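A.B. asks: all I have is the shape, not the residue letters:
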């Protein structure tokens, strides 16, 4: 009963976060960078940040996560980190030979004000960047935003540094998949391929953080978007940005920089959001939706109707990242469930709250940004006693204390496998979500059923 | 010898090659995939297990988020240490300072949780913006009447090791606060055990059976009050020497308490640790108790360990851990299991440590300081190891290579200390090394084919992974 201290009535916290429902920008930037083929993420700061981010991603994916650090010491903190970064760039290309280095800052290098663009230019001028190799950077101060912001910033930097418009259109469609699992990115690619749409999906961590066991250690697993594809994203027909917070900044920049029109969409989680995604692909690429996709959709609707009686008036509390939450809330509402509370540590702004309320109405408690932490979420769970909790691994403490089933979704998940391999996006993802939700509800019904109504057929 | 970066050449050594002179205690090379961490990390892991104290991370949210309940240090009572408290500094505080926010946070938390003491961890950014953490702590201490201790753990001030020192300085503030609670003349402090999977309890029980009282555990299952009386114990027994020797030195200087470096890992080292304490008290009864304890425990566990050894004989291991003292014990314990250590290294070893490692290892063993995954995987391939012992970031590297793994760091789920720890360790090493899953690894398939060819040619027995 770890959280037994949590009081039921909301306590005023003015100056602190207790059990955060977010983490800091660099880990998101590191994850996004891993979505480029042959890329080595580089953390410009002290060693600890890099070690923590690598550990967090390693625990979540159970795969080796490679990244380098500028190894700041007191000297660098006083006199600036230029020397460290110059040395790093040289050493990285010498020892690890990546195609591209993706540098992100930490709160330390942000506050001392290192000008990364200038340092990278200097490194190029001094011949420290071998021919054909690249160094890009993004600013990820940890005291602003969250891991989602960091992901968005690094994705935007990919466009900033790499994407070009040659005037010769490729006819491809860019898809920025958002801060989702490698399995989700894979599924997004599969759906597009199934529809006969040629895409550039970036970043794409599939095959990088869920790589197969091959009997050897690979510094750079086979997956990831190749640099040439990100460059040619400037010549695509359009960009679909999945998730407002994680994907919109990069899509907007592509529009400004290369005149690629953008279509903002919700993450394709659940039936309706997937419909919107498929429909947008259809319209933008000028294709028709194939029978195979219609079958997948029909199967979701089939399960949904078969089992709809179990969803009626079930209540759920959700904690996680804003883009996920918006789509999830819509899906659960479509299942006839009631949403009691929605919490995210990431500042989602009024647009986030509006998007959630558009589905749930006014009775739902919605909070994002400062003050929105797991402590608050626990209090809300205590007060409103939902039937299900949706959240990352940390929500397990609350689930245990309150004896409420937990559906693990989001980042990080340290104590279960599956998220790396089974998508939650698309129709197949919707089926998987339905299975998870129904299993949780029916398991609970079985567990609590009196002997005489413990039934074989449900 | 494999390819390594010029600057790191002196940090890698193969025993038997040339005169042993390993370079160490150097900062990691900028741009390396270092497995090392920062000052904050060092302080946080050492102080973390003090369960009735408040641990407030003063900085942006990440530092608190990444250290939220990651250590698995169990408590027999309060669990305040498992909560994650952060001042969650935002842009405003970075510009205008975070002292006000820190003061308010501390006050709110102390009022809500009534802790016995509070630790305030200063992170990178706090050092940079120049918050006077010391002054805020002093003010809250005066107002709240509990120790409120600043931990100077700004990440950039060095490496993890410097964080240990900062933690020791913070701990020393608690030592000597309690002159009242009665204490046996035969009492010790256990330093440098963090009660992962309940290991402190195992060790404490041995001492109880020997007739020795444990005044305090610093910091496993730690309590502020116990640390307060630790200055009246007769002996400090230091396990994780990297982290706790400094505190032992401080206590020796101020309170004249002698200290001994020990290890509770493996049969020999555990027995030696207990005898070291027994001999210190020069008490015939304690010595007799110890002899009985060691004899009966060894008798109890020996057949079990022996059973695992029969299958493991001839296997080869790589060891890469944080502290070097742990590496010594691992080399010895693996030897007990018939396993040869062919690659060994640590993140933070010093000259003396590596000299000793050089002594106890067999010729041909690769000894490395502050290695990185690329090097490590090459050494492992070159030396054809069956097992890697390391921490969270090493685990998937081993698995991807089709090599067995044993965690000897934060993510340990079972106790590896003491005599029963040796049985657990043997079982864990056995269960991973001999698991039938490796037969599906491409590397292992190739290797077994090679071994079969070698066996044909030389008519010697190979060491395939077939389970006995």
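C.D. replies: That came through, no problem. Just so you know, these numbers come straight off a predicted model, no measurement behind them.
A.B. asks: from the chain's centroid, how far away is the helix or strand harbouring residue A:430?
C.D. replies: Using DSSP states H and E, residue A:430 falls within helix A:426-448. Using Cα atoms, centre = their mean, to the nearest Å, the mean C-alpha position of helix A:426-448 is found 22 Å from that of the whole chain.
A.B. asks: for stretch B:204-215, same thing?
C.D. replies: 22 Å.
A.B. asks: mind listing what's buried in it?
C.D. replies: When neighbours are counted by 16 or more other Cβ atoms under 10 Å in any protein chain shown, the buried residues of stretch B:204-215 are found to be B:204, B:206-207, B:210-215. Just so you know, the C-beta spots here come from the backbone N, C-alpha and C atoms, and that holds for glycine as well.
A.B. asks: the residue of the stretch 301-450 of chain B found nearest chain A: neighbour count?
C.D. replies: Nearest to chain A in the stretch 301-450 of chain B, going by Cβ to the nearest Cβ, is residue B:443, at a distance of 2.8 Å. Residues contacting residue B:443 under the criterion other Cβ atoms under 10 Å in any protein chain shown number 19.
A.B. asks: what does the one 4 residues further on give?
C.D. replies: Residues contacting residue B:447 under the criterion other Cβ under 10 Å number 20.
A.B. asks: so it makes contact with residue B:384?
C.D. replies: Yes. Contact status for residue B:447 versus residue B:384: in contact at 7.3 Å, counting by Cβ atoms under 8 Å.
A.B. asks: still on that earlier bit, now pLDDT, secondary structure and distance to residue A:359 too, for the buried residues of stretch B:204-215, in a markdown table please.
C.D. replies: Listed next are those as a markdown table, based on pLDDT from 0 to 100; DSSP: H, G, I helix; E, B strand; the rest coil; distance: Cβ to Cβ, whole Å:
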| residue | pLDDT | secondary structure | distance to residue A:359 |
| --- | --- | --- | --- |
| B:204 | 97 | helix | 55 |
| B:206 | 98 | helix | 60 |
| B:207 | 98 | helix | 61 |
| B:210 | 98 | helix | 65 |
| B:211 | 97 | coil | 68 |
| B:212 | 98 | coil | 64 |
| B:213 | 97 | strand | 62 |
| B:214 | 97 | strand | 58 |
| B:215 | 97 | strand | 59 |
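A.B. asks: of all the residues you listed, which two lie farthest apart?
C.D. replies: Spatially, the most separated pair among the buried residues of stretch B:204-215 is B:206 and B:215, at 15.4 Å (Cβ to Cβ).
A.B. asks: the closest residue in space to residue A:437 that isn't next to it in sequence bridge partners, please.
C.D. replies: Leaving aside its sequence neighbours, residue A:437 sits nearest to residue A:407 (Cβ to Cβ, 6 or more residues apart in numbering or on different chains; 6.3 Å). Under the criterion DSSP bridges, residue A:407 forms beta bridges with residue A:390.
A.B. asks: which ones are touching residue A:407?
C.D. replies: A:388-391, A:433, A:436-437, A:440 (Cβ atoms under 8 Å, 6 or more residues apart in numbering or on different chains).
A.B. asks: what is the nearest of those to chain B?
C.D. replies: Comparing these against chain B with Cβ to the nearest Cβ places residue A:391 closest, at 14.0 Å.
A.B. asks: what's the local residue count around the closest one?
C.D. replies: The number of residues packed near residue A:391 is 24, by other Cβ under 10 Å.
A.B. asks: kindly tell me how buried the nearest residue to it once chain neighbours are set aside is, as a neighbour count.
C.D. replies: Nearest in space to residue A:391, with sequence neighbours left out and distances taken as Cβ to Cβ, 6+ apart, is residue A:319 at 4.2 Å. Applying other Cβ under 10 Å, we find 29 residues neighbouring residue A:319.
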